[in-house]
Structures are given as C-alpha cells and as structure tokens.
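Q: Sequence and predicted structure, then a few things I'm wondering about:
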Amino acid sequence: MRLSRPSFTALRPLLTSALLALTLTAACGRGDAETPPEKDDLIVARVQDRSVWASDVRREAVAQGLVGEGDPLDVKSELFRRVLDEVVDQKLLAAEARRRGLDKSAAAQRRLEAVQERILGDILVESVVSGAVSDQAVERLYQEQQRRAQTTEEVRVRLILSHTKEQADAVVGVLGQGAAFEAVAAQRSVDDATRYSGGDLGYSTLDVLPDAYAAAVRGQAPGAVVGPVQGEGGWAVLRIEDRRLETPPTMDQARPLIVRYLTYEGVRQLLEQLRGKASVEVFINPAKPAAKPVASPPAAAPAAPAASAGNVAS
C-alpha cells in the first residue's frame, strides 16, 4: 500500500510541547484549577497553590517522545514520577519568573502570545483531524487501496550477479547445462546480500526493481531465465520464480499509515482554505544564491624582447 504524504510548506507537528503549555497557563492565570482538564483526570501534585494533573504529566511525556500520543502512562510508574518532577520544576521556574516581573516585558509578552497562538492552532487542528480521521474514513481509504492492490502484480526473482559480461555469459552456459540456479548463485554471484539465499530477491513490484531488471523480466513467465542484463552493480542473470497479485496489508497493518495520511491531508486542506480567505503579505524575498566568483583570466605571457638590429643576420 502506497500513500503519498501531502507536501505543504505550512505543515508543522500537531503536538505542542507541554512545557510551553505550562508556561502559557502560568502566564494567563490560574482559572479554576480544580476543574479536571480531561475526563477522569487526577491531581497528582500541587506546587504552592497550583494543581498538577496526570494529563499535564502525560502531555509532557508525549512532547518529549517518551510515550506515543494516546498511549497510557501509569501514574505509579518510574517514568511518570520522573516526568512529574520535571513538570514541578517548570512550575517553580515559572512562578519565580513571575515574582521577578520577567513576564511583564514586551519580549516576554510577545513570546507568550506566540505560544498561545501555537496552542490554539493545535487545538483547531486536533478538532479538524478528529473529524477527518474517523473509523469510516479509515475503512473507506483502506477499501480503496485494496481495490488498487488487486491490479498490481508482484514478481519473485532470483539473481546471479557478475562483474563482467564474459562471466555472466559463462553463468548462462552453466545454467544451460542443467545446473541449479540456487547453487550457481551461491558459487558465482558477487552479490553478497543474496548469494547465500540462492539469489532470491523476494517478491516486489516492477517499480521497485532496478530499471534494467524490470525491463528484462516484464512479461516473462515463471521459470524463464533472462540476461545477461547490465545494471549498476555489474551483469545480472535473472530467473523469474513466480508472479502474483500484490498481497495487500491487513487493516491493522495499514491503519497507522492511513491515519497519518488522513491527518496530514486534513491539515493541508485546512491551511489551504485559511490562506485562500486571508490577506497575507510577505515583505522579504527569498535569499538569492551567492554568485559564483568569475575566474580571472590567466596572466598573459611576457612579450618576447624585440631583437636588436645588431643581432639580425644580414
């Protein structure tokens, strides 16, 4: 299954560091600290008069890549306690920064505003993605890929690789005398990655094979030996072992890839819509590549001295 990742310059990670979130929360005021941020959330610590929730710790662990998004984090685990200590330290640092008035400067306000914009953007993205990445959407895209896979053929090929065409011609001669392809591959192939498995390249679609190999085996029936074929690594003799329709992945195997595709596609479409409606002006031009220095012309050879009249033969 091949799902191309959409390219869009404005895409960025969906997960925002909980460290930034904690800083923003501290700067924007406490609010109702006793209202659980998430369902069945649990207060795991208090720093002065501020509560630390289990969800705060899990978000920080996700931001650091210690657990995956949506994965549970046991509050009794050593990892949870270590991340909790980091969250507590951050709250202490933020409180001290406020006590010193560091949050009042224009630079600090600008940075806090940027953090707020990032978090609000992430919340919007999560809201949009939650609608785009539904079980129905995953199933629909999976079935579409299943239909496409049924028309894609895989071929299983064995390879004997030689350094020269003369060596490859000799391989063809030995095979023509009835020698087993697998045995000749083990004895003569210079491709260490496959020689000990009888030259087996496994199943692959033609677009994955080197162009020269793909052209040689296209349309060939199982059992056919083709070559020598010149490739980047040398001269190849190939045998077609089998042809079959590409085996599609199961839903469980395909789901992570489909979810990732739908996520990026949802963000891409959202940003396209927003940019289409908004007035955006950019006041800088892309940096121009530095001009290559022009080579100075070689110095002219000194002119030969003029011959004096006395040296000219009469």
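A: The structure has been received and is ready for your questions.

Q: Am I right that residue 238 is in a strand?
A: Yes. Checked against DSSP: H, G, I helix; E, B strand; the rest coil, residue 238 lies within a strand.

Q: Wait, it touches residue 227, no?
A: Yes. With contacts counted by C-beta atoms under 8 Å, residue 238 reaches residue 227, the gap being 5.4 Å. For glycine as for every other residue, the C-beta is placed from the backbone atoms N, C-alpha and C.

Q: any shared contact partners between the two?
A: Shared contacts of residue 238 and residue 227 (C-beta atoms under 8 Å, 6 or more residues apart in numbering): residue 216.

Q: Tell me the spacing between residue 173 and residue 166.
A: To residue 166, residue 173 is 11 Å away according to C-beta to C-beta, to the nearest Å.

Q: repeat for residue 47
A: From residue 47 over to residue 166 (counting by C-beta to C-beta), the distance is 78 Å.

Q: More neighbours: those two, which one.
A: residue 47 (16 against 11; other C-beta atoms under 10 Å).

Q: Just list whatever residues bridge to that one.
A: residue 50 (DSSP bridges).

Q: ok, now which ones touch it?
A: By C-beta under 8 Å, 6+ apart, the residues touching residue 47 are 88, 91, 92, 95.

Q: Could you report the separation of residue 201 from residue 56?
A: Note on residue 201: its distance to residue 56, by C-beta to C-beta, is 51 Å.

Q: now do residue 196
A: From residue 196 to residue 56 the distance is 54 Å (C-beta to C-beta).

Q: likewise residue 85?
A: Distance, residue 85 to residue 56, by C-beta to C-beta: 13 Å.

Q: Ok, residue 255 next?
A: Distance, residue 255 to residue 56, by C-beta to C-beta: 29 Å.

Q: More neighbours: which of those two?
A: Under the criterion of other C-beta under 10 Å, the comparison of residue 255 against residue 56 puts residue 56 first, with 25 against 15.

Q: Excluding covalently adjacent residues, which one is nearest to that one?
A: With C-beta to C-beta, 6 or more residues apart in numbering as the criterion, residue 56 has its nearest non-adjacent residue at 5.7 Å, and that residue is residue 87.

Q: Point out the other helices and strands that the helix or strand where the one you found lies packs with.
A: Following DSSP states H and E, one finds residue 87 within helix 78-99. Under the contact definition 3 or more C-beta pairs under 8 Å, 6 or more residues apart in numbering; DSSP states H and E, helix 78-99 sits against helix 18-28, strand 43-47, strand 50-53, helix 54-63.

Q: now that helix against strand 43-47, angle please.
A: Helix 78-99 and strand 43-47 meet at an angle of 30 degrees, taking axes from the mean of the first three to the mean of the last three C-alpha atoms, to 10 degrees as the criterion.

Q: Buried residues, the next helix or strand after helix 78-99. List them.
A: Next along the chain after helix 78-99, taking DSSP H and E as the criterion, comes helix 106-132. Within helix 106-132, the residues that count as buried by 16 or more other C-beta atoms under 10 Å are 108, 111, 112, 115, 118, 119, 122, 125, 128, 129, 132.

Q: if we take the residues you listed, which one ends up nearest to residue 272?
A: Distance to residue 272 across the buried residues of helix 106-132 (C-beta to C-beta) is lowest for residue 128, with 12.2 Å.

Q: Tell me who's in contact with that closest one.
A: 266, 267, 270.

Q: measure residue 245 to residue 267 for me?
A: Note on residue 245: its distance to residue 267, by C-beta to C-beta, is 34 Å.

Q: ok, those two, which is more surrounded?
A: The residue with more neighbours, out of residue 245 and residue 267, is residue 267; 21 against 11, by other C-beta under 10 Å.

Q: So for residue 224, what's the nearest residue that isn't a sequence neighbour?
A: Using C-beta to C-beta, 6+ apart, the closest residue to residue 224 is residue 240 (5.0 Å).

Q: Which residues does the one you found form beta bridges with?
A: residue 157.

Q: Thought residue 222 was touching it, still the case?
A: Yes. Counting by C-beta under 8 Å, residue 240 touches residue 222, with 5.3 Å between them.

Q: Which of the two has more residues huddled nearby?
A: Shown here are residue 240 and residue 222; by other C-beta under 10 Å, residue 240 has more neighbours (19 against 12).
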